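In: output the structure for:
(one chain, ligands or ions: 1)
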Amino acid sequence: MNLSNLNFFRSLRHENRQFAVIGLGRFGRAVCGTLHQLGYEVLGIDADEKRVDQLLIDKIVSHAMQLDSTEPTALKEAGIFEFDTAIVAIGNYLDASVITTLNLKEAGVKHVVAKASSEVHVKLLKKVGADYVVFPEHDAGCNLARSLTKPSILDRFELDPENSIVELIVPEEFQGKTISELQLRNRYGLNLLAVSYDGKFQINPDPNNRFQKGSAMVVIGTNKNIDRLPI
Ligand code: ATP
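Out: Model (predicted):
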């Protein structure tokens, strides 16, 4: 997680149960559906009446509205400015995405999340005040490249650009050795957080336990040190 996003997530109010999602493409529908399933109230918005109707037919949300979000008066009349959090899920219409984000921030919506579809789009959204910008195609591409080049790494949580927590398949070289024998801290500068045994993770594992074939392990450290692992 980029540390600059920390403040955004810290400021999200836990008691907030309402979200407005503007733009009902695949991304917007996925956000709506998941929030709805999690028990939150979601208002779905799109300029395209068919997309609004489809959202209601599919029972993805309980409330949906057709409006042009580049029109501040339309947003105001629909009560969008009263929402604590709005998600602008308009990727392919750069002007509509930027204007909508600007409208929401100018009207004082506290948390505005916006979806970008290019590097320039990311910059523009930040300039007009988006509190959190996501660029899913970019992130998915980076993740795919990492998985293809390092298939042993099952999952990676980036703490900042230099440090990560990674889950990986126990390297062959480690199998049969005990945790204390391996001296991960001395040899690799990594801290071991967990090891899986029979499909279940053991947190702070016993140093006398042996790494087994087919197990997974979770380590924390710098990316440079993680890259030194024999994987
Ligand atoms: P996907 O999520 O399908 O990958 P996307 O996030 O890039 O695509 P877009 O194709 O940009 O999504 O479209 C998102 C939705 O935003 C469309 O349904 C479109 O009708 C809607 N939209 C575009 N402009 C406006 C606007 N001014 N007001 C409201 N909705 C809009």
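In: going forward, measure contacts between C-alpha atoms and count neighbours the same way
Out: OK.
In: what about the closest residue in space to residue 164 that isn't next to it in sequence, how many neighbours?
Out: For residue 164, ignoring the flanking residues on the chain, the nearest one in space by C-alpha to C-alpha, 6 or more residues apart in numbering is residue 158 at 4.4 Å. Using other C-alpha atoms under 10 Å, residue 158 is surrounded by 17 other residues.
In: what of residue 154?
Out: Neighbour count for residue 154, taken as other C-alpha under 10 Å: 15.
In: likewise for residue 103?
Out: Here the number of neighbours of residue 103 (other C-alpha under 10 Å) works out to 22.
In: next one: residue 150
Out: When counting by other C-alpha under 10 Å, one arrives at 13 neighbours for residue 150.
In: cool, the one 3 residues further on as well?
Out: The tally of other residues near residue 153 (other C-alpha under 10 Å) stands at 19.
In: for it, give its distance to residue 172.
Out: Taking C-alpha to C-alpha, to the nearest Å as the measure, residue 153 falls 13 Å from residue 172.
In: repeat for residue 49
Out: Residue 49 sits at a distance of 56 Å from residue 172 (criterion: C-alpha to C-alpha).
In: state the phi and psi torsions of the residue nearest to residue 164.
Out: Phi and psi for residue 158, reported as degrees, to the nearest 10, are phi -80, psi 120.
In: make 8 the starting number, not 1.
Out: OK, 8 is where the count begins now, so the last one is residue 165.
In: and the pLDDT at the spatially most central residue of the chain?
Out: Taking C-alpha atoms, centre = their mean, the centroid of the chain lies closest to residue 141, which sits 7.6 Å from it. Here, the pLDDT recorded for residue 141 equals 96.
In: and residue 75, by the same measure?
Out: At residue 75, pLDDT is 98.
In: where does residue 14 fall, phi/psi-wise?
Out: Dihedral angles of residue 14 (phi, psi; degrees, to the nearest 10) stand at phi -60, psi -40.
In: and for the one 4 residues further on?
Out: When quoted as degrees, to the nearest 10, the phi and psi of residue 18 stand at phi -80, psi -10.
In: what about it, how many residues nearby?
Out: Burial of residue 18 is recorded as 10 neighbouring residues (other C-alpha under 10 Å).
In: does residue 105 lie in a helix or a strand, and which?
Out: Assigned by DSSP states H and E, residue 105 belongs to helix 101-113.
In: my error: substitute residue 228 in the last question.
Out: strand 223-229.
In: what lines up beside that strand in the sheet?
Out: Strand pairing for strand 223-229, determined by DSSP bridges: strand 170-176 (antiparallel), strand 198-204 (antiparallel).
In: could you tell me which residues of this structure lie near the ligand?
Out: 30-35, 53-55, 74-77, 96-100, 103 (C-alpha under 6 Å from any ligand atom).
In: among these, the buried ones, what's the PyMOL command?
Out: Only the buried entries of these go into this PyMOL selection, using 16 or more other C-alpha atoms under 10 Å:
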select buried, resi 30+31+35+53+54+74+75+76+77+96+97+98+103
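In: next step: the residues of the chain next to the ligand restricted to strands.
Out: Per DSSP state E, strands hold the following members of the residues of the chain next to the ligand: residue 53.
In: packing partners of the helix or strand residue 119 falls within?
Out: In the assignment (DSSP H and E), residue 119 maps to strand 118-122. Where contact means 3 or more C-alpha pairs under 8 Å, 6 or more residues apart in numbering; DSSP states H and E, strand 118-122 is packed against strand 92-95, helix 101-113, strand 139-141.
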